[in-house]
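**Student:** Sequence below, structure please.
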Amino acid sequence: MRTCTKCGRKKKADKFYGNRGTCKSCLYRQKQLRRATSRTKALMRARRLKRRYGLTVAEFNGMVTQQGGKCMVCRKRPRGILHIDHDHETGKVRGLLCTSCNQGLGYFKDNPVYLVRAAKYLLRDV
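**Tutor:** Numbering: from 1, shown residues only. Reported below is the predicted structural model:
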């Protein structure tokens, strides 16, 4: 007899996988919960994409494919996710950006004048 570390019940050894401390039934419940959570997250993501940007998951995935999985600004493949860049006034989606480029545009308040000035500043002779 062994005691499950999850439910605390004493059960026969055949109710466990190998030397695991959690019984088979508790592991099964955990697996079901993970699946349900995963489906819920996917549904929430799909709703958020539609509500915020008017995009379906298929349209978003199509944008990723069209961009080759790379950021529209730096043309690098990000370690994390690609963020949806949009015009804050019109809500129109412009493309997908890595975290750094997305934040950079945000810090420059999406103002092209500031970005041109910054580029000129970086290109000037010191």
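**Student:** C-alpha only now, for contacts and for neighbours.
**Tutor:** Noted.
**Student:** Now for residue 91, which secondary structure element holds it?
**Tutor:** Using DSSP states H and E, residue 91 sits in no helix or strand.
**Student:** Now do it, the pLDDT please.
**Tutor:** Note for residue 91: predicted pLDDT of 90.
**Student:** what's the neighbour count on it?
**Tutor:** Per other CA atoms under 10 Å, the neighbour tally for residue 91 reads 12.
**Student:** Just the buried residues of the worst-scoring helix or strand of the chain on mean pLDDT, please?
**Tutor:** The helix or strand with the lowest mean pLDDT-type score in the chain, counting by mean pLDDT, DSSP states H and E, is helix 24-53 (a mean of 92). Neighbour-count burial for helix 24-53, counted by 16 or more other CA atoms under 10 Å, picks out 46, 47, 49, 53.
**Student:** any chance of the residues you listed in a markdown table, plus distance to residue 29?
**Tutor:** Below are those laid out as a markdown table (distance: CA to CA, whole Å):
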| residue | distance to residue 29 |
| --- | --- |
| 46 | 26 |
| 47 | 27 |
| 49 | 30 |
| 53 | 36 |
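**Student:** So which residues make contact with whichever helix or strand comes after the least confident helix or strand of the chain?
**Tutor:** Moving toward the C-terminus from helix 24-53, the next helix or strand (DSSP H and E) is helix 57-66. With contact meaning CA atoms under 8 Å, 6 or more residues apart in numbering, helix 57-66 is reached by 46, 49, 70, 82, 95, 96.
**Student:** Could I get the buried residue list for helix 57-66?
**Tutor:** Buried-residue list, helix 57-66, by 16+ other CA under 10 Å: 57, 60, 64.
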